[in-house]
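**Student:** Here's a sequence, model it:
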Amino acid sequence: MPRPFIRVAIVAAALAIIAAGAALWTFFNVPTPQVTSSGTASVGGPFTLVDQKGRTVTDEAFRGRWMLVFFGFTHCPDVCPTALNDMSAVLTELGASADKIQPIFITVDPERDTVEAMSQYVANFDPRIVALTGTPEQVAQAAKAYRVYYKKVPQGDDYTMDHTGILYLMDPQGRFMTHFTPNTPPADMAARIRKLLG
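**Tutor:** The predicted model follows:
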């Protein structure tokens, strides 16, 4: 092979090695993008509703106490009474520590869940549970704040409600701390809450 071609081949190979080296250096030395998270879920917020005694209350009325919040409705056949039974059992399990907690039941069916209906319904559970209703707009605002899904579902001549079945635990400043699913045993809920109460 003539010398000029050898020189060209050597130069081309050298350039290829340099380019490969530069590519590798760039790959291994480019800073990894940093992802940050506050770790705080955007759950909870202001609401104005009416309790089972007909008094208008806002979220501010519960500041200074932990809130255990559940959204449901009085015509619910299973999930809601189970959740309120669990809520009652958690309060019993916590003993004196339960005084730091305000259990709250908010309807997603304001059309049927009047003040009187809510009062009669929660009388079947722990007397410390506050039941809240309101106008459809007020209920929608509260549900939106807590990221709660609900929807009216026709059922023959009547209807039922599809809805989120989660219990939310909020701290004394109204900030979301954790949640419990319908499958969480009350004893486990109480144990987790006790740790957070400190």
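**Student:** give me the low-pLDDT residue ranges for the chain?
**Tutor:** 1-41 (pLDDT under 70).
**Student:** can you give me the helices in it?
**Tutor:** 3-29, 79-94, 115-122, 136-145, 186-197 (DSSP state H).
**Student:** Give me the neighbour count for the spatially closest residue to residue 196 that is not a sequence neighbour.
**Tutor:** Closest residue to residue 196 apart from its sequence neighbours, by C-beta to C-beta, 6 or more residues apart in numbering: residue 177 at 5.8 Å. The way it works is simple: take the backbone N, C-alpha and C, and place the C-beta from them, glycine included. Applying other C-beta atoms under 10 Å, we find 17 residues neighbouring residue 177.
**Student:** again, but for residue 60
**Tutor:** By other C-beta under 10 Å, neighbour count at residue 60 equals 11.
**Student:** now do the one 3 residues further on
**Tutor:** Other residues within reach of residue 63, judged by other C-beta under 10 Å, total 12.
**Student:** Is it correct that it is in contact with residue 171?
**Tutor:** No. Residue 63 lies out of contact with residue 171 (C-beta atoms under 8 Å); the separation is 10.0 Å.
**Student:** can you list the domains in this structure?
**Tutor:** 1-28, 48-197 (automatic domain parsing).
**Student:** Show me the one of those that comes nearest residue 42.
**Tutor:** domain 48-197 (7.5 Å; C-beta to C-beta).
**Student:** and the gap between the residue positioned nearest the centre of the chain and residue 153?
**Tutor:** For the chain, residue 43 is the residue whose C-alpha lies nearest the centre (C-alpha atoms, centre = their mean; 5.3 Å). Plainly put, residue 43 is 24 Å away from residue 153 if you go by C-beta to C-beta, to the nearest Å.
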